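**Student:** pasting the structure only:
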């Protein structure tokens with residue numbers, strides 16, 4: 001016997017189980033996402049909140065991210081956004097889907113940055129989003145990332161990145177007002193750094209000249225001053241371009257970011273400052289209002305007296321500080337909750353790993369047990385080839401060709417339960433499989449069996465199919481009393497039932513059925529397998545190895561029988577109904 005070749009399928013099956021258990025399932029967007037915009041238009045604010053309470057983790061994750069995104073667009077709703085983010089944090093960790101994790105970190109970075117929290121943490125969140133981004137979302141994440149780099153003074157890096165991003169945005173028809181504002185502020189930052197360097201250099205020269213009694217040069221470096229002015233002019237020019245398209249920005253927070261940079265560059269006209277103030281008041285943007293009023297002694301351009309302007313400046317400052325305090329408390333609460341979730345998930349993963357190892361070990365032991373039983377049965381069959389006559393040789397060949405096919409189908413079903421972490425279903429299925437295998441092995445040495453026992457084995461097999469992917473197939477079994485104890489070739493019916501499940505069971509999930517009947521008329525026993533047909537499947541039944549082996553058994557017994565006229569097999573495969581009818585003597589002669 002070639003043990004290497006015999007072990008190969010078993011090894012492949014074991015490796016497949018291990019690989020499937022480690023495979024990340026592909027996650028598709030829920031179909032209801034297409035309804036979100038319409039629901040928002042008609043004012044249905046409960047739709048996403050209902051999905052957030054769905055029993056399905058995918059639904060909860062997508063709904064939560066949509067809710068967080070809608071809150072982040074409003075500068076006043078960061079607290080709500082964090083609450084929704086906390087609600088789905090556990091689902092995101094368990095699902096381990098890159099696109100969802102990327103979006104969550106992108107939103108988290110935006111919230112933390114807007115509140116002026118640790119810039120390094122903001123960059124860390126942003127980088128995770130970029131690394132895990134899929135499709136065109138990466139360019140969106142890079143746009144925000146350039147803003148965070150701006151805060152760290154990486155102006156050259158920002159300018160280089162914006163030159164690439166704006167080409168992509170324009171090609172996609174996006175509004176680039178905020179992108180240009182970021183670029184403008186980067187040039188402004190370069191000019192400011194150059195002024196600081198010039199100031200430091202001038203102080204050093206003054207100190208040096210005082211020590212040596214030399215005259216201080218009237219102009220340190222006119223070309224350097226010109227270069228500073230070029231940077232400032234470039235910044236104002238790009239900012240003016242940004243302001244010209246600011247009305248096309250759909251989100252409040254993005255528009256606020258442009259205005260804040262324009263205020264810092266003093267790039268707004270008197271009329272634009274008034275419009276900016278009205279925008280800040282309408283949307284309760286206290287930070288922007290404070291920036292507009294800061295350092296002013298005359299508020300007439302806003303239609304206010306000095307007393308009114310100062311009063312409103314103090315009110316906006318107080319409200320802004322209060323909101324920032326509340327939001328930072330919410331972030332602290334969120335971080336504490338996240339730390340708790342991380343601890344819980346670590347414990348769950350440890351338990352899950354242990355269960356997975358035990359399940360895989362149990363499956364491997366089961367496969368080993370089945371393999372040993374199978375090899376021993378196969379070895380016995382091979383030994384019998386030297387001792388038995390032609391009928392035993394054919395029977396052994398038949399079983400050796402049918403059983404591996406059946407075994408690997410069942411192992412794939414067990415693997416399916418394990419890969420989906422359906423531990424209870426897997427355990428129950430293995431129990432049924434053990435009963436069925438025991439029934440087969442108890443009669444493995446017999447080439448004949450009675451009809452009742454063969455029908456009982458078929459019922460065990462059907463129970464297995466009902467537990468796997470064929471619960472929708474209706475199975476009926478009818479056997480008259482006269483036929484119950486008639487002897488027939490063993491293992492003759494299972495390939496036919498398997499064939500029916502393969503075609504009728506996969507043709508439709510509705511009105512699929514299989515019927516097994518046994519009747520005796522005179523000297524002939526008739527066993528019929530009927531099913532609901534192969535429907536619109538492209539492959540027509542009757543071409544597989546199972547039916548061919550059954551035909552070989554019938555033909556062999558016919559050739560050895562004293563009543564060859566009573567042996568036969570008839571097949572009729574149709575889209576709506578298929579029939580296989582076996583006939584044989586009521587006494588095996």
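**Tutor:** Sure thing, it's come through. Everything quoted here is computed from the prediction, not taken from an experiment. Numbers count the residues shown, from 1 in each chain.

**Student:** and residue 54, which of the three is it?
**Tutor:** coil (DSSP: H, G, I helix; E, B strand; the rest coil).

**Student:** where's the closest residue in space to it that isn't next to it in sequence relative to residue 134, distance?
**Tutor:** Nearest residue to residue 54, sequence neighbours excluded (Cβ to Cβ, 6 or more residues apart in numbering): residue 60, at 5.5 Å. The way it works is simple: take the backbone N, C-alpha and C, and place the C-beta from them, glycine included. Separation of residue 60 from residue 134 (Cβ to Cβ, to the nearest Å) stands at 20 Å.

**Student:** neighbour count: the two, which is higher?
**Tutor:** residue 60 (20 against 12; other Cβ atoms under 10 Å).

**Student:** that one: which element?
**Tutor:** Assigned by DSSP states H and E, residue 60 belongs to helix 57-72.

**Student:** what strand or helix carries residue 529?
**Tutor:** strand 524-531.

**Student:** what helices or strands is the helix or strand just after that strand leaning on?
**Tutor:** Per DSSP H and E, the first helix or strand lying C-terminal to strand 524-531 is helix 545-560. When contacts are defined as 3 or more Cβ pairs under 8 Å, 6 or more residues apart in numbering; DSSP states H and E, helix 545-560 packs onto helix 390-419, helix 494-507, strand 568-572, strand 578-585.

**Student:** for helix 545-560, what is the distance to the chain centroid?
**Tutor:** The chain centroid and the centroid of helix 545-560 are separated by 49 Å under Cα atoms, centre = their mean, to the nearest Å.

**Student:** buried stuff in it?
**Tutor:** Buried residues in helix 545-560, counted by 16 or more other Cβ atoms under 10 Å: 546-547, 549-550, 553-554, 556-558.

**Student:** tell me the two of those that are most distant?
**Tutor:** 546 and 558 (18.9 Å; Cβ to Cβ).

**Student:** ok, the residue nearest to residue 54 touching residue 52?
**Tutor:** Yes - counting by Cβ atoms under 8 Å, residue 60 does reach residue 52; the two are 5.7 Å apart.

**Student:** any common contacting residues for the two?
**Tutor:** Common neighbours of residue 60 and residue 52, using Cβ atoms under 8 Å, 6 or more residues apart in numbering, are 87-88.

**Student:** can you tell me the element residue 510 falls in?
**Tutor:** Using DSSP H and E, residue 510 falls outside every helix and strand.

**Student:** what score does residue 117 have for pLDDT?
**Tutor:** Here the pLDDT value assigned to residue 117 is 73.

**Student:** repeat for residue 360
**Tutor:** 76.

**Student:** surely it is in a helix?
**Tutor:** Yes - counting by three-state DSSP, residue 360 is located in a helix.

**Student:** neighbours around it, how many?
**Tutor:** Neighbours of residue 360 (other Cβ under 10 Å): 15.

**Student:** for residue 230, same thing?
**Tutor:** Neighbours around residue 230, by other Cβ under 10 Å: 12.

**Student:** same question, residue 411
**Tutor:** Residue 411: 21 neighbours (other Cβ under 10 Å).

**Student:** any idea how far it is from residue 294?
**Tutor:** If you go by Cβ to Cβ, the gap between residue 411 and residue 294 works out to 73 Å.

**Student:** also residue 571?
**Tutor:** 90 Å.

**Student:** of these two, which one has the most company?
**Tutor:** residue 571 (16 against 11).

**Student:** residue contacts, the closest residue to the more buried one other than its chain neighbours?
**Tutor:** In this structure, residue 571 finds its nearest non-sequential neighbour in residue 580, 5.2 Å apart by Cβ to Cβ, 6+ apart. Applying Cβ under 8 Å, 6+ apart, one finds that residue 580 lies in contact with 496, 499, 528-529, 547, 569-571.

**Student:** out of the residues you listed, which are buried?
**Tutor:** 496, 499, 528-529, 547, 569, 571.

**Student:** for these, which one is nearest residue 535?
**Tutor:** Out of those, the member with the shortest distance to residue 535 (by Cβ to Cβ) is residue 499, at 14.5 Å.

**Student:** thought that closest one was touching residue 545?
**Tutor:** No - Residue 499 is beyond contact range of residue 545, at 10.2 Å (criterion: Cβ under 8 Å).

**Student:** tell me the bridge partners for the residue nearest to residue 571.
**Tutor:** On the basis of DSSP bridges, residue 580 is bridged to residue 529, residue 571.

**Student:** and it, what pLDDT?
**Tutor:** pLDDT, read off for residue 580, is 92.

**Student:** cool, the one 5 residues further on as well?
**Tutor:** Reported pLDDT at residue 585 in the predicted model: 92.

**Student:** tell me how far residue 149 lies from residue 189.
**Tutor:** Taking Cβ to Cβ, one finds residue 149 at 11 Å from residue 189.

**Student:** same question for residue 320.
**Tutor:** Distance from residue 320 to residue 189, by Cβ to Cβ: 24 Å.

**Student:** on that earlier part again, can you redo the buried ones among the contacts of residue 580 as CSV with pLDDT and distance to residue 248?
**Tutor:** Below are the buried ones among the contacts of residue 580 laid out as CSV (pLDDT from 0 to 100; distance: Cβ to Cβ, whole Å):
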residue, pLDDT, distance to residue 248
496, 88, 69
499, 84, 64
528, 95, 74
529, 94, 69
547, 82, 68
569, 91, 76
571, 90, 70
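
**Student:** now, the most widely separated pair of the residues you listed?
**Tutor:** 528 and 547 (14.5 Å).
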